[in-house]
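> Got a sequence here, can you model it:
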Amino acid sequence: MNIGEIARRSGVSRSTVSYALSGKRPVSEETRRRIQAVIDELGYQPNATARALKEGRTRTIGLVIPPASRRLTDMQLGFVASVVDAAARADLDVLLSPSGGEHDRSFERVVGGRRVDGVILMEIRLEDDRVTRLAQTGLPFVGIGRTSRPDEMSWVDIDYETLIAQCVHHLADLGHRRIALVNRSAELMAAGYGPAHRAQAGFSRAAAERGVEGVQTCCADDARAGVSCVGRLLAEHPDLTAIATTNEAAIPGMYRALERAGLAVPGDFSIAGVAGRHWAENLHPPLTAADVPADELGAHAVELLIRRIADPATPHHRLLLAPPISLRATTGPARPR
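So this is what the prediction gives:
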């Protein structure tokens, strides 16, 4: 069903129907009601491509996510859901596009094909070619995360450096003198993944400030890796009594490794980390953690992108959050092993 048929049934011209739909020119209330009655009867939906050509907008934003071959963590899924919800409230559609390796073709189609009005990037590296590419095209974009040059773009982010430092200080206050950082995977570290590098910096700084012995290791984003990682830490560092972590996907495996070693949490061993609130609360025992407000960050990212779409010359805006640690059931006074 097209505008021509609506015009025929309404007894008006095609241009009058177009004006009634777009609001670009006034149409009498009686004519508008007659056109709307035909539209309601036929269940007409304006063609999205035609509307985009007419308005110069697609009313669609792109969300660039990690490769589809990688299982998204609960926190990453929270960011995706929050962006989709915030976009829907603004009457925008969301086009998901993986990036990385062979998936970069999808990213290029989104950027080069102008299929979207703007882009939100996730999982940003300290040096990120996608940021450079988007800046070259002039397509409005916003990051959930930031590069090593924070002034080059608009972004929202979690202050991983401060949050992991807070975890170390909390554990040190409980008397822990040997603490391990279980970071994200070695592949992400090698790729310059921002949160992993900032967590490493915060851990090193806080350990030095408190005079505790710090051990750092990388771990893949799954429970099986958490089991082997913590098993190895316990074997190599028998006096280890606590872990700080940003790797929420591996935490169930960490719990399992401690249980297999006969260590009770928090009686014998403590864990603190950075994780989504829902995830942390539903672990057993619930995780002491800085709760990442994914809903708030996703909504802010969409808001910033809408501003940039409306006015690409608007100054860059940035939001860095450092939520306090929620004390739950995985941290307690240090007990010598």
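
> so where is the stretch 101-250 of the chain shaky, pLDDT-wise?
Across the stretch 101-250 of the chain, residues meeting the criterion (pLDDT under 70) sit at 101-103.

> Show the residue spans covered by the helices in it.
If you assign secondary structure with DSSP state H, counting those that start in this stretch, the helices in the stretch 101-250 of the chain sit at 104-112, 129-137, 160-173, 186-190, 194-210, 223-236.

> If you count neighbours, what's buried in the third one?
Read it as helix 160-173. Burial within helix 160-173, assessed by neighbour count using 16 or more other C-beta atoms under 10 Å, is assigned to 160-172. To be clear about C-beta, it is placed using only N, CA and C from the backbone, and glycine gets the same treatment.

> Could you work out the most separated pair of these?
Based on C-beta to C-beta, the longest span within the buried residues of helix 160-173 runs between 160 and 172 and measures 18.4 Å.

> Give me the contact list for the strand or helix carrying residue 41.
Taking DSSP states H and E as the definition, residue 41 sits inside helix 29-42. Residues external to helix 29-42 that are found in contact with it (C-beta atoms under 8 Å, 6 or more residues apart in numbering): 1, 5-6, 9-12, 16-17, 20, 27, 44.

> Need the buried ones from those residues selected in PyMOL.
Only the buried members of those end up in this PyMOL selection, burial being decided by 16+ other C-beta under 10 Å:
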select buried, resi 6+9+10+12+16+17+20+27+44
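
> now, which of the contacts of helix 29-42 lie within helices?
Counting by DSSP state H, the members of the contacts of helix 29-42 that fall within helices are 5-6, 9-10, 16-17, 20.

> Turn the residues you listed into CSV, including pLDDT.
Putting these into CSV (pLDDT from 0 to 100) gives the following:
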residue, pLDDT
5, 85
6, 87
9, 90
10, 90
16, 89
17, 86
20, 80
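
> what ranges do the strands span in the chain?
According to DSSP state E, the chain carries its strands in the segments 60-65, 93-98, 118-122, 141-144, 154-158, 178-183, 213-218, 242-245, 270-276, 288-292, 318-321, 325-326.

> okay if I get these as TSV plus mean neighbour count and distance to residue 254?
Compiled in TSV, the strands of the chain are given as follows (neighbours: other C-beta atoms under 10 Å; distance: least, C-beta to C-beta, whole Å):
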stretch	mean neighbour count	distance to residue 254
strand 60-65	24	25
strand 93-98	17	28
strand 118-122	24	25
strand 141-144	27	26
strand 154-158	23	21
strand 178-183	24	7
strand 213-218	16	11
strand 242-245	29	7
strand 270-276	27	7
strand 288-292	25	13
strand 318-321	14	25
strand 325-326	17	18
